[in-house]
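[1] dropping a prediction and its sequence here:
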Amino acid sequence: MQCFKEVLSMANVLGKGEKIFQVIIHICLVLLAACAIIPVWVLVSGSITGEQELILKGYSFFPKSLSADAYKYLFYKASEILRAYGITVLITVVGTSASLLITPLLAYPLSRKDFRARNVFAFLVFFTMLFNGGLVATYYTYVNYFHIRNTVWALILPGLMMNAFNVILVRNYFLNSIPISLIEAARLDGAGEFGIFCKIVMPLSLPIVATIGLMTGLMYWNDWQNGMYYLTERGGGHLYTIQIILNNINENIQALLQNSSAVGGMNIKMPSTTVRMAIATVGILPILIIYPFFQKYFVKGITLGGVKE
């Protein structure tokens with residue numbers, strides 16, 4: 001009887017400890033969520049705050065004076081922004097689709113233990129994560145041999161379509177989440193390797209496919225370096241993405257403010273600070289809308305894909 005009471009007391013102690021642990025974990029998660037949400041909230045509120053209030057009182061969660069001057073300024077550039085949105089959506093869809101096709105095709109053989117050249121290809125994938133040819137060699141190769149300068153391929157091919165980290169994630173997912181017995185059973189039923197990959201492996205890999213699709217799409221959406229390197233304003237200005245257009249608008253505002261005093265003593269009044277907030281809001285808004293639909297796949301894919309064999 002005494003032993004039974006001791007067991008119950010230990011269980012109560014463990015129960016209280018587990019509850020305390022759960023409370024601490026929830027507090028930490030709430031703080032992390034706040035760290036992610038607060039900057040976005042301040043960004044959006046800053047974009048609709050009056051310029052003078054923002055300069056005098058700084059950023060606030062709930063602005064006292066609302067103003068749409070920043071978005072009115074961007075509205076004058078509406079045609080350029082809409083065209084840039086179209087180009088960005090095009091390269092994001094095409095580039096992400098190509099990545100989702102190529103990455104699993106490389107990761108699947110690396111996950112098969114009966115593939116003899118598995119270690120050789122795995123070494124090549126890991127090697128690209130540590131070393132690369134550098135910017136000069138990459139630029140020279142793409143411009144002089146692939147001739148992608150001032151073409152839409154300059155925004156799709158260099159550095160974004162294929163990612164060694166994504167290949168490793170998908171390979172680990174195949175190793176840990178696709179039973180080898182299922183593949184062997186399909187092979188006994190007469191299925192070929194390509195049929196097994198398309199009809200069995202890929203339908204079971206939706207979480208990791210959604211994960212790498214989201215990460216690749218984010219990289220394409222936020223990329224502006226390829227446009228700076230491979231597009232010129234005269235020959236490739238019509239291919240500028242939303243990030244490049246918004247960056248150019250920001251630079252134009254800065255130039256106007258710096259040179260306003262030299263133009264006949266004119267004092268140009270324009271929403272400089274709030275425009276920057278509006279530019280950032282316009283750039284991230286589509287991602288904020290899309291991400292909640294992929295969140296559960298993203299978390300599951302990262303968790304399972306990151307587990308090593």
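    Now that the structure is in, tell me what you want to look at. The structure displayed is predicted, hence computed values, not measured ones. Numbering: from 1, shown residues only.
[2] closest to the centroid, which residue in the chain?
    With distances taken as Cα atoms, centre = their mean, residue 218 lies nearest the centre of the chain, 2.6 Å away.
[3] where's that one relative to residue 249, distance?
    Here the distance between residue 218 and residue 249 works out to 22 Å (Cβ to Cβ, to the nearest Å). To be clear about C-beta, it is placed using only N, CA and C from the backbone, and glycine gets the same treatment.
[4] repeat for residue 79
    According to Cβ to Cβ, residue 79 and residue 249 sit 13 Å apart.
[5] quick one: which of those two has more around it?
    Neighbours were counted for residue 79 and for residue 249 using other Cβ atoms under 10 Å; residue 249 has more, 21 against 8.
[6] would you verify that residue 159 is located in a helix?
    No - read with DSSP: H, G, I helix; E, B strand; the rest coil, residue 159 is coil and lies in no helix.
[7] so what touches stretch 124-139?
    Contact partners of stretch 124-139, identified using Cβ atoms under 8 Å, 6 or more residues apart in numbering, comprise 106, 110, 141, 158-159, 164-165, 167-168, 229-230.
[8] tell me which of the residues you listed has the lowest pLDDT.
    Within those, residue 159 has the lowest pLDDT, namely 73.
[9] what distance do you get for it to residue 242?
    Applying Cβ to Cβ, the value for residue 159 to residue 242 is 19 Å.
[10] of those two, who's got more company?
    residue 242 (24 against 15).
[11] is that one in contact with residue 88, as I believe?
    Yes - contact criterion Cβ atoms under 8 Å: residue 242 and residue 88 qualify, at 4.6 Å.
[12] any residues in contact with both of the two?
    Going by Cβ under 8 Å, 6+ apart, residues that sit against residue 242 and also against residue 88 are residue 221.
[13] how about the helices in the stretch 151-300 of the chain?
    164-177, 180-188, 193-196, 206-222, 225-230, 233-236, 242-259, 272-305 (DSSP state H, counting those that start in this stretch).
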